[in-house]
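Undergrad: Structure of the sequence below:
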Amino acid sequence: MIETSSVQTEFDVYAIRQQFPILQRLIKGKPLVYFDNAATSQKPQVVIDALVEYYSGYNANIHRGLHSMAEEATAAYEETRQTARAFINANSIEEIVFTKGVTEGINLVANGWGRKNVGAGDEVLITEMEHHSNIVPWYELCKEKGATLKVVPITPAGELDMDAFENLISEKTRIVSVVHVSNSLGTVNPVETIIEKAHSLGAVVMLDGAQSSVHLDIDVQALDCDFYAFGSHKIYGPTGVGVLYGKAALLQNMYVYQGGGEMIKDVKFNDITYNDLPYKFEAGTPNIADTIAFKFALDFVTETGKDKIRSHEEELLAYATDKLLQVEGLRIIGTSEKKVSVVSFIVDKVHPQDLGILLDNKGVAVRTGHHCTQPVMDKFNIPGTTRASFAMYNTTQEIDVMVNGINKAVQILR
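TA: Predicted structure coming up:
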């Protein structure tokens, strides 16, 4: 088995960059400047090596095999579960359910918990800044059950209107499902306040941790959230892997989400006994290789140090904000004081898609559009934004390249 590479004690962005092979490539003859990290982050060599080693060294199915490679694969797979437990400080590995990503985690809760606990006349509370994956499952659940979907509005700064939250939540609220950090605005939401209020009224809380898991220190026991979903591919790991954390008592009483192998103990045509946690929610052959490699991504982040990474990203955000505001006609969408390293903006008389294409010609990868948050764009009465999102391997020099590219694009497009 390969070992996680040791990362330098002091944060050295150029040493970090050397561990991400894709950063060496050219885009249209220009050095790659990758600012689409909120969509997916790049992968360090140690993660790539873990994938290669699994497929070339011990490729086998897990849990049910007794031969040596099956046992090796099972052990490596379950090591990731333990690493994920520690990463968010869950109480036990029973509370760590592997999924294919945050979207599946939210759907699992909506179907497994929601179908059992939400009925006619009940209320589900979400917010205006949710990703579509935290809107559609609750919309469908409420439509099916005759429940009401309520929505907390956002302010012009891109923050939750907490006075409205206090007025909207009630004893009819069964679950509050809220994004911890907005993918399109960068806003860090006051989830501690939300959780405390929800629990006082008997509601449970689901947190979408797709963005917060890579930027913030997560302690689900301290937060006291009931569910927390996060994915691998935004934390420098492979795609197609995620984790749903749930309090064991809640998971134990949920409906199963999918049926098949591994999630059962005994099957008869007239009776089925389901497996123990967390396996009752993990039907079929899972994404073994990527799940194993996910451990190496989590270890990479932990060994680098989230505090050091966060400090670097905060410097990048401050630098980018200052430089972007010097562009004539540019307006930043989402100006909360509590943000992660995401900056979304619009430029007068320039469509985000056109800007994105011209930046790509300079080797700069940004995201344009509504970022799967159409209600946010509707709130600001805009078709979309250009979003630059920064990771541990980005530099201020790259930000200069982007800003220069924006200025040149503006000259062309206006």
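Undergrad: where exactly do the helices run in the stretch 251-400 of the chain?
TA: Taking DSSP state H, counting those that start in this stretch as the test, the helices found in the stretch 251-400 of the chain are 288-304, 306-324, 352-361, 374-379, 396-413.
Undergrad: Turn those into CSV, columns for distance to Gly186.
TA: (Glycine included, C-beta is placed from N, CA and C.) Putting the helices of the stretch 251-400 of the chain into CSV (distance: least, C-beta to C-beta, whole Å) gives the following:
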stretch, distance to Gly186
helix 288-304, 19
helix 306-324, 8
helix 352-361, 16
helix 374-379, 12
helix 396-413, 15
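Undergrad: Out of those, which is closest to Gln82?
TA: Ranking these by their distance to Gln82 (criterion: C-beta to C-beta) puts helix 288-304 first, at 8.6 Å.
Undergrad: Alpha carbons only: can I get the closest one in CSV?
TA: Taking C-alpha atoms only, helix 288-304 is exported to CSV below (Å, rounded to 0.1, in the frame of the first residue of the first chain):
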residue,chain,number,x,y,z
ILE,A,288,-14.3,1.2,-4.5
ALA,A,289,-11.2,2.7,-6.2
ASP,A,290,-12.3,6.3,-5.8
THR,A,291,-13.5,5.8,-2.2
ILE,A,292,-10.1,4.3,-1.3
ALA,A,293,-8.3,7.2,-3.0
PHE,A,294,-10.5,9.7,-1.1
LYS,A,295,-8.6,8.8,2.1
PHE,A,296,-5.4,10.1,0.5
ALA,A,297,-7.1,13.4,-0.4
LEU,A,298,-8.4,13.9,3.2
ASP,A,299,-5.0,13.0,4.6
PHE,A,300,-3.4,15.5,2.2
VAL,A,301,-5.6,18.3,3.4
THR,A,302,-5.2,17.4,7.1
GLU,A,303,-1.4,17.1,6.8
THR,A,304,-1.1,20.4,4.9
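Undergrad: before we move on, back to that, of the helices of the stretch 251-400 of the chain, which approaches Ile264 most closely?
TA: Comparing the helices of the stretch 251-400 of the chain by C-beta to C-beta, helix 288-304 comes nearest, at 19.2 Å.
Undergrad: who touches the closest one?
TA: 2, 4-7, 11, 16, 43-44, 46-51, 54-55, 59, 61-62, 73, 76-77, 79-80, 83-84, 87, 98, 214, 232, 235-241, 309, 392 (C-beta atoms under 8 Å, 6 or more residues apart in numbering).
Undergrad: between it and helix 306-324, how big is the angle?
TA: 80 degrees (axes from the mean of the first three to the mean of the last three C-alpha atoms, to 10 degrees).
Undergrad: now helix 288-304, how far from the centre of its chain.
TA: Relative to its chain's centre, helix 288-304 lies at 15 Å (C-alpha atoms, centre = their mean, to the nearest Å).
Undergrad: picking up where we left off before, filter the contacts of helix 288-304 to the buried ones?
TA: 4, 7, 11, 16, 43-44, 46-51, 54, 62, 73, 76-77, 80, 83-84, 87, 98, 214, 232, 235-238, 240-241, 309, 392 (16 or more other C-beta atoms under 10 Å).
Undergrad: Among those residues, which lie within helices?
TA: 16, 46-51, 54, 73, 76-77, 80, 83-84, 87, 214, 309 (DSSP state H).
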